[in-house]
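Student: Sequence plus the predicted model coming up.
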Amino acid sequence: MPKPGRKTMREACFNLFLYGDDLAISKLGVAVHQLDGSDQEKVSVLTSLVATDYEVARQYPLQNPLEWSGYHALQRVGQTLKVFEHVFRDLDAPIQLLIVVTPVVNGKPHFEAQLPVASPIYRSDLKGHQFGRAREDG
């Protein structure tokens, strides 16, 4: 909660989900919460709600599954939110967003890392995480 006397802004904050299996994302999801407090406080609240939000989030099936490698390519060039554009339009979301993005793989949420979504993300940022490993073809 915000400290007394500190001005905070109440805003729509988004818990975003990528639902899929080990190979590809098949659905997107969103749970929207009206929160106030600092950005870090809002992120903490969203993170604490992941365990319940992923089960009740509004879901958007993808017409064509997106391989995780394709999603990670978008991350590397700072385009993490591109896959959610139609969701944001549907919700009339503001341009400036406060979000938490969580992969849900085989029905279980996976916390990878806390990273900014507007700047490029490199595999080394995810080192040691399931989706940070290079895929071996062969």
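Tutor: Looks like it arrived, so ask away.

Student: Grab the nearest non-local neighbour of the most centrally placed residue in the chain.
Tutor: Nearest residue to the geometric centre of the chain (C-alpha atoms, centre = their mean): Val101, 1.1 Å. Nearest residue to Val101 in three dimensions, chain neighbours excluded: Leu16, at 4.6 Å (C-beta to C-beta, 6 or more residues apart in numbering). In this view, the C-beta of every residue, glycine as well, is placed from N, C-alpha and C.

Student: Could you look up the SS state of that neighbour?
Tutor: Three-state call for Leu16 (DSSP: H, G, I helix; E, B strand; the rest coil): strand.

Student: in the sheet, who's paired with it?
Tutor: Val30, Val101 (DSSP bridges).

Student: hang on, isn't it packed against Leu98?
Tutor: No. The pair Leu16 and Leu98 does not pass the contact test of C-beta atoms under 8 Å, sitting 10.9 Å apart.

Student: quick one: which of the two has more around it?
Tutor: When Leu16 and Leu98 are compared for neighbours, Leu16 comes out ahead with 24 against 16, by other C-beta atoms under 10 Å.

Student: Report pLDDT for that one.
Tutor: On pLDDT, Leu16 comes in at 95.

Student: For it, list the residues it contacts.
Tutor: Going by C-beta atoms under 8 Å, 6 or more residues apart in numbering, Leu16 touches Leu28, Gly29, Val30, Phe84, Val87, Ile99, Val100, Val101, Thr102.

Student: show me what contacts the fourth one?
Tutor: Just to be clear, that refers to Phe84. Counting by C-beta under 8 Å, 6+ apart, Phe84 has contacts Leu16, Leu28, Val30.

Student: Noted, bye for now.
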